[in-house]
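**Student:** Take this sequence and fold it.
(3 chains)
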Amino acid sequence: MLSVVARIPEGRVASYAQVAVMAGYPKRPRQVGMVLKGLPEGTDLPWQRVVNSRGYIPSRGRWWGALEQAARLREEGVPVDAEGNLDLEGFRWDGA
DNA sequence: GACTTGACTTGAT
DNA sequence: AATCAAGCCAAGT
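**Tutor:** Numbering: from 1, shown residues only, chains lettered A, B, ... in the order given. Here you go, the predicted structure:
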């Protein structure tokens, strides 16, 4: 599934459920997040491009970290809100 | 090996 | 519209 996350192109985002499904696990959105949370700080994986159905990262306390990465998303072309929200509907990844 | 918890999601109240 | 509850399945303890 990390492969799927790594496959998310710039300027695009995918929901946990979506990544889970594409990864081959239609009912494991939480495990996806679980893995993402285990990712190191200097990871190449664009885990910040993975958001929940609302279009933001429910990083549970790590929100500040998420925001930092989210801000990076803006540099990639993703309009991230000051709260870390983004336009999931408009930038949802189709699956390359 | 069982119990608890969890970066989720959808539906109901 | 916001909050509560149930469902799923795997990893952590």
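**Student:** From here on, just use CA atoms for contacts and neighbour counts.
**Tutor:** OK.
**Student:** and A:Gly61, what pLDDT?
**Tutor:** Note for A:Gly61: predicted pLDDT of 66.
**Student:** Do any residues in the helix or strand that contains A:Ala70 lie close to DNA strand B?
**Tutor:** Using DSSP states H and E, A:Ala70 falls within helix A:63-76. Yes: under the criterion of CA under 7 Å from any atom of the strand, DNA strand B is reached by helix A:63-76 at A:63, A:66.
**Student:** Flag every buried residue along whatever helix or strand comes next after that helix.
**Tutor:** Once the chain leaves helix A:63-76, the next helix or strand it forms, by DSSP H and E, is helix A:88-91. Under the neighbour-count criterion of 16 or more other CA atoms under 10 Å, helix A:88-91 has A:88, A:91 buried.
**Student:** related to what we said a few turns ago, buried by neighbour count: which residues of the helix holding A:Ala70 qualify?
**Tutor:** So, applying 16+ other CA under 10 Å, buried residues of helix A:63-76: A:63, A:66-67, A:69-73.
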